[in-house]
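Undergrad: Sequence isn't available, so here's the structure alone:
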Ligand SMILES: Nc1ncnc2c1ncn2[C@@H]1O[C@H](COP(=O)(O)OP(=O)(O)OP(=O)(O)O)[C@@H](O)[C@H]1O
Ligand SMILES: Nc1ncnc2c1ncn2[C@@H]1O[C@H](COP(=O)(O)OP(=O)(O)OP(=O)(O)O)[C@@H](O)[C@H]1O
Ligand SMILES: [Mg+2]
Ligand SMILES: [Mg+2]
């Protein structure tokens, strides 16, 4: 039975001893690390939520002593004049936005990823531009073009005698918001499409299906998971977005949840914090509910994944003449949706006044920039934005990596909880994060709050919290692409959990990390809603300064700042793109 | 080198039980294989030994160091077990050169520089790849990667070597050669080895002993020869080597033989059996294709057991022929060196060369469907 | 049913040539296999026939309808070719039930409702899965999915059936049974079939004829028996069935035989060869493991060619044993039914049972490394 | 918006360094000494824009050079108070001075005791009657509510609300949805609008014409921009401060007029917090802002100075201009008093009822 028929055994090496790892209070260090992550996330996420919940059942502002618990706020909220209308508007707006977003994103994703398209690469990039601009800026841009007295509108009026659209309406708001959010849905669908097994389409073709048929019988149905996921995301984003409803809706009396919060919270004659809390809680509930819905819709997701055999090279479908329709559609989206408005904005920033009634070239000026760069406070706000976005992006991405590793790559008992916590902020509107954190800081022990309150740290925390989910979302897939066996191998060869990811696999995580940094940087650079409560004179950021300037009527400077912000974003993304390319080639 | 003892190993994922009371002992220096169809729990068992999975119950020890003992609540993490492991996908770290890959476990063990260098070259020599030490994994062929993975598992001369389907990513041809090579290497090193595969040829060819698993149960542990010639259960016979299963009813016994009327074709056969079967009992007769002796259909039936069949298809398998023949509605597989058979043939077999299983055991649903004729 | 003619087929991807002047004709109703190592161009060939790839040059016709003719510039898109194809990943549409999957091609062909129903049940019956028509792909086992894929390819009774490694996702055991089943099905239907695999056993067992590809070249087309017994090139011998390659130098010729001194071990052997080899020429002698006759080392050498070797390892492969023996620095594989061999043995072989190749052809780098001993 | 400075540069503002006017009390020296002791920092919570502050700070620091660091938090009009209250509630607030033009919020804030530092400014005698809008709350500047209009769409300047209404009646199509006013749900809008209707009750008639054609906006910025763009033909109750620079920039395209039937003037209140960390400096600042030098700086910053002895000049706006334009009797100074809940509801109800939405 022993098969050693030739006795040529080399001297057996002495086995090296297994490495020893110190334990803290009997627990391995990875456990400490994992609990630390959990605790940190828990605190971070609960900080804004808890005060909001408390406020919602308190009969007076949190800061006034002797508050009594009462349901009155909810009663008042629901009996509030026109609250029903607000809910209805919000629903219409959110649903409209979601539908439009999908209508834009899905076909484009299919066209760009799955079919032979002229300038395919260009479009792939262009599709994502709107994402880099805050919908505040996009809103401005759109008004200057498509508003009742916008350039395009007046042009059209001169031509047709009337303007066939009305921007200041729920559809108008929805379209603008949809254009701003489409990139998100697009990215989800595009990734799914890139992953999908090409032989599914080949099979359809061999069965006799023409390209269009292939698209509709095979490609599109497979997109359900990304569609569901992104629509949930878009829906909750449009429920909480402030800028577009404020710019479009307010004048014509269309108020939605966010404007309701804004006017009742910040602007009203005497702000009713109770109602504010109640409304916030309501939004929280809605968004949380949505997440549940999503889970339900994606229950048997296997129905949308195919058995993968040997990796099949994706083959792009040849649409023939139809492709030009696609090209046209995408061009319209990119040009009219993003390019023109941004162009208009940039142009605006170089003129004193910008109106169809007067040739803007008469009033060319750099005064707007002089003002922006002339006042320390404004320059400061640009630096602040850079600081917040820069530091924030690094910190958040790092945190996200940790969260992903714990939730996806450990045997930690509470790993699912970690994931939920990391994704939870998605369901917390920015304003609420602002208000909530404001109180949270106020209640920090030993006046620690005083140190944080109104400083950049506060903003980094607030914005970071907002950006955490997208960071997590961008890292998780690339970590999951690293075979589990890679870390198993490290474990078996003697690295403990911590060491596995610090020394052995660290380098493999860097691309994912870098990707997350870019994404979070961009999101944090354009973020502003939490700052409305968290910022102070010396911690103003581009977003708040823009609002401020806008309120004062320095629209030119607003445009100038917007231009600066876009420039920064473009530069950063471009640079990062180059670096990343360098990486992946290596 | 120590021996590996696995006792009452039990593993649940959530509510589904994946391993049920697995017991076996791997002798020092033995090449021990876990064999079973996909999903039967092989990798889980191996991962429990490696410490990558935490068993729900049971005990695992190497020599006298206890790795897991659910009773005593002891559990050693993988990094504390000092084992070598090779994964199906090799799991080489793509960002590290071959040498660097091998260096990692040594660095972790704080080995001196030259000691490191020595061990690395030695390990790479063993697998005949010393000349590629500065390449990166993606610059190697599958076969070479697989050997590097092995070298990385050996470089710190662990006490036990664990292999999870290390060959299954190689293409058919290379797999055979790699198999023979691996066998020689292990024989030379004499390191205790636990090997996981679902390929029975591999298992037979490589192993000193084989443990056959099925749906979380340990069916049989034995030498390849035992497993093949005296499978303890129909499932084993079905999985190891090809085997025909003929259902039937016991009519009577004479001496050490049972007289059985077969369902398919209705012939009466005699099968040697030590297991006590009683008249009227449902049984399964298992016969391997090469145990049949093919001859003319019209032959004095008294000689031995004889089945009348028609030839369906013939396939050439290199130096031998495989025939699918029809027995009633069932397909029976027969091996023969005769190329030209066709039409009616008689299959003879000796009572001793057939196996008898009391339960009406049958192959998988899939196999069942594949072996019954529609027309 | 028509025959498939492939002429001067040529395919480049960018600058790399993947297929070089491939020529073959598949007879009506034939089971034709494209065999070759991974990356040799099998799938590409198949895709060219299916229309999924556009050949850079050459001509493909089924019967008298021309699919591609680079000269005439004709090209039919896949959907215009009315072929049936099964992919390695089965490519079942996961969001559609089995019945719905089969319905798609019929709907495209505007078949009536009851006609559809009839064909679907029929096709599913053929593969024995009629009872699962309402399930979704993910609710089926791999084997079942594979058969559904086949049913979908057959449901619109295409003129030719194309299969790209349809079995390679099944686990070893099931693959064997599915193989036999597939063979029977094809014989029943008698549909012209083109089959792609890198598994030589599969190719041998299934095919009426095999085309062996290597790196884009067509090496040999022939029946399994021809391919196995008279491989046209060393590469073929190496790839189909196991084979030992012994390098040597021609010393002289006597009659139809060449006298060759082997590099490994230095023995002189006689090999029958019709190919003209001249003294002093480098050659390779190829001998299959089962062609050796194992006996005591000290035996009258005059009898036949005799190689003196030591046994390295033995493996049991079910009813037979495989020995690795050492000849000089080289490992030679031998098959024998004798269990107990060890130490010095002599391998005898008849001049006719060895093959002679003028070029010093050798197996892949990998195989080379695996077959030379370090010590 | 203090773009004004950007256009016509006002003359240098002469500052008497560390010199206070002779009518200041003798003990004022101690105040100055005390301020020096406080280490030259000052924190202001205001809803006033950096550009408006810039000249004020410049000159204040020129006058009292040791005040090196002035932090002016720019907050939303009521946020000023919410912020300071919540900070006081949760351990001290850094704020020394509060500046806001939110009359209601001021009133509500000041109605509780202990919320302002009691201080009598020596400048009070030199100022107009509305210099002190509440006990210890002084007027830093005034802001006239104008009718702003787009000259390319409106051939002649509307004299008054009545005039505008008349135009609207003549050509409703032209004015429908093309008039803007301030949203009265917001503090600012409410204050000015209600002040106007209280002072000129019979103007409701005109409002009944105008409001159905009007769209409420939440910020002056939006209003001026949209009037400029031609989205609105005209707007009333447009805050002067932001409007002036647009007038200067627009090259005549955008103009403002003070309604003759009543120009609401909204005082910008300034007060010192009770536990001000730098109480002395705060007092110096308060007095400076009210002083002639200070008012001059205020005007230079783009706000409207109301101190009689500050005279208008290019780039310097004064309250006197308004008075001259519409006559003292038609100047309505919004009062800092808390309107009861029900009155607010009633007014907002009536107003919004008239709006087209
Ligand atoms: N993490 C897990 N959670 C739930 N079920 C699991 C998990 N890992 C494995 N299983 C289940 O346990 C069973 C055994 O898995 P295991 O990987 O050990 O099978 P295997 O014998 O290795 O199969 P293969 O040959 O395909 O690797 C399978 O049914 C599998 O679905
Ligand atoms: N779209 C493509 N672009 C570039 N190279 C390709 C493409 N498709 C195939 N190749 C190359 O052509 C060669 C043959 O590919 P093919 O898929 O035909 O091999 P194969 O014989 O099917 O291998 P396998 O058995 O792994 O499927 C491979 O080297 C492959 O890298
Ligand atoms: Mg496994
Ligand atoms: Mg292939």
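TA: Now that the structure is in, tell me what you want to look at. Model, not experiment: these values are computed from the prediction. Ligands and ions are numbered 1, 2, ... in the order given.
Undergrad: Chain D contacts on the stretch 401-550 of chain A?
TA: A:438-439, A:442-443, A:447, A:449-450, A:453-454, A:532, A:536-538, A:540, A:548-550 (C-beta under 8 Å from any C-beta of the partner chain). Every residue, glycine included, has its C-beta placed from N, CA and C.
Undergrad: Then chain B?
TA: Checking chain B against chain D by C-beta under 8 Å from any C-beta, there are no hits.
Undergrad: Could you find the residue in the stretch 251-357 of chain D that comes nearest to chain B?
TA: Closest contact between the stretch 251-357 of chain D and chain B, by C-beta to the nearest C-beta, is at residue D:277 (56.2 Å).
Undergrad: who are the neighbours in contact with that residue?
TA: By C-beta atoms under 8 Å, 6 or more residues apart in numbering or on different chains, the contact list for residue D:277 reads D:38, D:43, D:92, D:94, D:96.
Undergrad: so which strand or helix has it?
TA: According to DSSP states H and E, residue D:277 maps onto no helix or strand at all.
Undergrad: Return the set of buried residues in stretch D:330-340.
TA: D:330, D:331, D:332, D:333, D:334, D:335, D:336, D:338, D:339 (16 or more other C-beta atoms under 10 Å in any protein chain shown).
Undergrad: Check whether the second one really touches residue D:266, as I assumed.
TA: No: when contacts are counted by C-beta atoms under 8 Å, residue D:331 is not listed as touching residue D:266 (11.5 Å).
Undergrad: Return the member of the contacts of residue D:277 nearest to residue C:129.
TA: residue D:94 (77.7 Å; C-beta to C-beta).
Undergrad: what about the residue in the stretch 101-250 of chain B that ligand 1 sits nearest to, how many residues close to it?
TA: The stretch 101-250 of chain B approaches ligand 1 most closely through residue B:198 (4.6 Å), counting by C-beta to the nearest ligand atom. Counted with other C-beta atoms under 10 Å in any protein chain shown, residues neighbouring residue B:198 total 22.
Undergrad: hang on, it packs against residue C:171?
TA: Yes: under the criterion of C-beta under 8 Å, residue B:198 makes contact with residue C:171 at 5.1 Å.
Undergrad: so what sits against both of those two?
TA: B:37, B:38.
Undergrad: re the thing from before, most widely separated two among the buried residues of stretch D:330-340?
TA: It's D:330 and D:338 that sit farthest apart of the buried residues of stretch D:330-340, by C-beta to C-beta, at 25.6 Å.
Undergrad: so where's chain D uncertain?
TA: D:1-10, D:76-78, D:90-91, D:356-357 (pLDDT under 70).
Undergrad: Which positions in it make contact with chain B?
TA: Residues of chain D lying near chain B (C-beta under 8 Å from any C-beta): none found.
Undergrad: okay, now the domains of chain A?
TA: A:27-55+A:366-586, A:83-276+A:323-365 (automatic domain parsing).
Undergrad: OK, now which residue of the stretch 101-250 of chain A is nearest to chain B?
TA: residue A:195 (18.4 Å).
Undergrad: low-confidence ranges in the stretch 1-150 of chain A?
TA: Using pLDDT under 70, the flagged stretches of the stretch 1-150 of chain A are A:1-13, A:63-65.
Undergrad: coming back round to it: just give me the closest of the buried residues of stretch D:330-340 to residue D:324.
TA: For the buried residues of stretch D:330-340, the nearest to residue D:324 is residue D:331 (10.3 Å; C-beta to C-beta).
Undergrad: so can I have a markdown table of the domains of chain A showing distance to ligand 2 and mean neighbour count?
TA: Converted to a markdown table, the domains of chain A look like this (distance: least, C-beta to the nearest ligand atom, whole Å; neighbours: other C-beta atoms under 10 Å in any protein chain shown):
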| stretch | distance to ligand 2 | mean neighbour count |
| --- | --- | --- |
| domain A:27-55+A:366-586 | 19 | 21 |
| domain A:83-276+A:323-365 | 10 | 21 |
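Undergrad: Looking at the contacts of residue D:277, point me to the pair that's furthest apart.
TA: Longest span within the contacts of residue D:277, C-beta to C-beta: D:38 and D:92, 15.3 Å.
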